[in-house]
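Engineer: got a predicted structure here, sequence first:
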Amino acid sequence: MKSITFLLIMIMTNQSMTIFNFNKTSNIKDWQVVDDVVMGGISSGMFSINKKGNGVFTGNISLENNGGFSSVRYRFKEISTKINSKIVLRIKGDGKNYQFRVKEKSSDSHSYITTFQTSKEWETINIPLSELFPSYRGRKIDLPNFDKNGIAEIGFLIANKKTEKFNLEIDSIVLE
């Protein structure tokens, strides 16, 4: 009984939960790239693990054929957000803007999003869940900001309305 009580205390006091921590042997088969080709565009993104063991989202954005975005998403069994207030990203970008996206359920048509600016250095970005606003196909929709009890999908998207190459390295994604 003491060990169960101790475990419950540990769970209740440790509010952080790693969603994904990349390393050289990370299984990334559940990370899926979705580009504007679904709408006729020709942008191309890729997701891989580099020699240092970081996740790398890289590619080219093209505005041809009304294109202009690339995204990568990761779906998982729903994680409770009842005791958590933010997502913490450990990333190294290329100086460009990216969106971070979450869904309460993978089947939801809309995402909750925020945009963040990267530097060309490793950085920690804190994203309060309450600041994620609802969006569908690039447009804000009339729903409250994120106030759900869980998430089942996270993702990154680049769509800066210009032709460009991109490169985003990801070390970890943690729910705190």
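Structural biologist: Cool, the structure landed. Because the structure is a prediction, the values reported are computed rather than measured. Numbers count the residues shown, from 1 in each chain.
Engineer: how close does the residue nearest to the spatial centre of the chain get to V33?
Structural biologist: Closest to where the C-alpha atoms of the chain average out (C-alpha atoms, centre = their mean) is G155, at 3.0 Å. Distance, G155 to V33, by C-beta to C-beta, to the nearest Å: 10 Å. No exception for glycine: its C-beta is placed from N, CA and C like everyone else's.
Engineer: who touches both of the two?
Structural biologist: 71-72 (C-beta atoms under 8 Å, 6 or more residues apart in numbering).
Engineer: re the thing from before, touching, the residue nearest to the centre of the chain and V72? I think so.
Structural biologist: Yes: with contact defined as C-beta atoms under 8 Å, G155 reaches V72; the gap is 6.0 Å.
Engineer: list residues touching both of these two?
Structural biologist: Going by C-beta under 8 Å, 6+ apart, no residue sits against G155 while also sitting against V72.
Engineer: the host helix or strand of Y74 packs against which elements?
Structural biologist: Using DSSP states H and E, Y74 falls within strand 70-80. On a contact count with 3 or more C-beta pairs under 8 Å, 6 or more residues apart in numbering; DSSP states H and E, strand 70-80 meets strand 17-21, strand 31-35, strand 44-49, strand 55-61, strand 150-158.
Engineer: now those in a markdown table, with distance to S106 and mean pLDDT?
Structural biologist: Listed next are these as a markdown table, based on distance: least, C-beta to C-beta, whole Å; pLDDT from 0 to 100:
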| stretch | distance to S106 | mean pLDDT |
| --- | --- | --- |
| strand 17-21 | 14 | 96 |
| strand 31-35 | 11 | 98 |
| strand 44-49 | 17 | 98 |
| strand 55-61 | 19 | 98 |
| strand 150-158 | 5 | 98 |
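Engineer: and L168, which of those strands is closest to it?
Structural biologist: L168 lies closest to strand 55-61 among the helices and strands packed on strand 70-80, at 4.6 Å (C-beta to C-beta).
Engineer: what's around S44, how many residues?
Structural biologist: By the other C-beta atoms under 10 Å criterion, the neighbourhood of S44 contains 16 residues.
Engineer: from here on, call the first residue 51.
Structural biologist: Okay, residue one is now 51; in that scheme the one you just asked about reads as S94.
Engineer: can you list the low-confidence ranges for this protein?
Structural biologist: By pLDDT under 70, the weakly predicted segments of the chain are 51-64.
Engineer: try it again at 80.
Structural biologist: For the chain, applying pLDDT under 80 flags the ranges 51-65.
Engineer: does G118 belong to a helix, a strand or coil?
Structural biologist: The three-state assignment at G118 reads coil, by DSSP: H, G, I helix; E, B strand; the rest coil.
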